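Undergrad: Have a look at this fold, sequence not included:
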Ligand code: SF4
Ligand code: SF4
């Protein structure tokens, strides 16, 4: 059925569905979501049949694009068991419109995956995101179980199940105080030992303001300048060996910006608001990072998902990403690629004292300046119908230019403004 869509509804949107709410079998020390349990005192944290049915139906009805993504996240979604996901797949078949393609994704810590799970995920062609923070010691620094014990072996066992069944997977690697100083070790481990061809790096920023220091962060948080160094070192390794064969989400997003295309990642978009979070009981929040009573949009048992996404409140939430940028960002030469990153990280002051600057600014600025010349080169190749991977040959053939191309410190804003 084609739903009459509100005029303000985006053609497509993303829903992060959390069938177990914040419940997880692990106790990762930096997890921002575990504390969300307190929003639902006394709950069993299991998505019921009514919410499951409403979610699948509405997410399919609410989008006008030929491809719709159904995404599961947590907490730990595999705690729902296989029977829940088999029912979800049956509902998808019931509501899928002719010609419509449904992409299934699940983000998991991987520790509960079995042979049976892997066979199911392979048969349904589910794209699996595995959370893994690098080699054993770096991963186990913060990704621990309920008793504080290591989890690395369990994750690798889960990954092995996926590989045996040829399940499509990518790696989500959080970058924090324990692994930020080891960019090459982390990247090579994910690329070589885990055979990952799609990698997401997510910086850990835990804002813990005090009356004395309103900009304070936890000891686990990534240092802004080190975050920039991490991205730069991984980028150089990727540029030398892996363009076209390994997809690093941050680099792909940057390339889209240099090509003048719409941002492929909400954090680097001018505005956001098209990615909502769905709790186990049907409550919908403005974003995964804003699951708070002030950002509760409504419940899908009483209001259609597309109306919540299109609501005036949610549109304002998304536009605030652009409208609250400090002057320092508006004057920045890499604004077109950064857009002040995610509002959740905007809690420091600019050099002239204006609030609302992103905590990671220093790192992003250094990274975007560093990649400017190779990004221009890749964008030029792609615009002329050639593969971006030719950038590696071009750099190898022009050793005298290579240093200049790799290590520039200046970006001409007018050269590639949006
Ligand atoms: S608040 Fe941040 S994570 Fe959420 S949609 Fe906006 S940019 Fe993305
Ligand atoms: S690099 Fe810094 S100043 Fe520039 S847009 Fe990003 S956060 Fe703002």
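TA: Nice, I can see it. Predicted model only: the values in this text are computed from it and were never measured. Ligands and ions are numbered 1, 2, ... in the order given.
Undergrad: does the lengthiest helix in the chain come close to ligand 1?
TA: Assignment by DSSP state H gives helix 361-383 as the longest helix of the chain. No. Using CB under 6 Å from any ligand atom, helix 361-383 stays clear of ligand 1, with a minimum separation of 13.3 Å. Every C-beta, even on glycine, is put in place using the N, C-alpha and C of the backbone.
Undergrad: Wait, residue 173 touches residue 202, no?
TA: Yes. Taking CB atoms under 8 Å as the definition, residue 173 is a contact partner of residue 202 at 7.2 Å.
Undergrad: Could you check which of the two is surrounded by more residues?
TA: Neighbour totals were compared for residue 173 and residue 202, and residue 173 leads with 25 against 16 (other CB atoms under 10 Å).
Undergrad: which residue ranges form the strands in the stretch 51-200 of the chain?
TA: Per DSSP state E, counting those that start in this stretch, the stretch 51-200 of the chain carries strands over the ranges 67-72, 101-108, 127-131, 169-175, 198-203.
Undergrad: Output these as a markdown table; include the columns mean pLDDT and distance to residue 59.
TA: Listed next are the strands of the stretch 51-200 of the chain as a markdown table, based on pLDDT from 0 to 100; distance: least, CB to CB, whole Å:
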| stretch | mean pLDDT | distance to residue 59 |
| --- | --- | --- |
| strand 67-72 | 96 | 6 |
| strand 101-108 | 96 | 9 |
| strand 127-131 | 98 | 16 |
| strand 169-175 | 98 | 21 |
| strand 198-203 | 98 | 22 |
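Undergrad: Is ligand 2 within reach of the longest helix of the chain?
TA: Yes. Judged by CB under 6 Å from any ligand atom, helix 361-383 comes into contact with ligand 2 through 361, 364, 365.
Undergrad: about what we covered before: ligand 1 is nearest to which of the strands of the stretch 51-200 of the chain?
TA: strand 198-203 (10.0 Å; CB to the nearest ligand atom).
Undergrad: does the closest one come close to ligand 1?
TA: No. No part of strand 198-203 sits near ligand 1 under the criterion CB under 6 Å from any ligand atom; the closest distance found is 10.0 Å.
Undergrad: for that strand, packing partners?
TA: strand 169-175, helix 224-241, strand 247-248, helix 249-258 (3 or more CB pairs under 8 Å, 6 or more residues apart in numbering; DSSP states H and E).
Undergrad: Mind doing that once more with 7 Å?
TA: Packing partners of strand 198-203 (3 or more CB pairs under 7 Å, 6 or more residues apart in numbering; DSSP states H and E): strand 169-175, helix 249-258.
Undergrad: could you give me the average pLDDT of the longest one?
TA: Model confidence over helix 249-258, given as mean pLDDT, is 97.
Undergrad: is it anywhere near ligand 1?
TA: No. Shown here: helix 249-258 not in contact with ligand 1 (CB under 6 Å from any ligand atom), separated by at least 11.7 Å.
Undergrad: Give me the contacts around that helix.
TA: 199-201, 231, 235, 238, 263-265, 268, 336-337, 368, 371, 375-376, 378-379, 388, 416 (CB atoms under 7 Å, 6 or more residues apart in numbering).
Undergrad: Starting from the helix or strand that that helix is followed by, tell me which strands it pairs with and how they run.
TA: The first helix or strand that comes after helix 249-258 along the chain, using DSSP states H and E, is strand 275-278. Taking DSSP bridges as the criterion, strand 275-278 sits next to strand 14-17 (parallel), strand 283-285 (antiparallel) in its sheet.
Undergrad: Cool, thanks, talk later.
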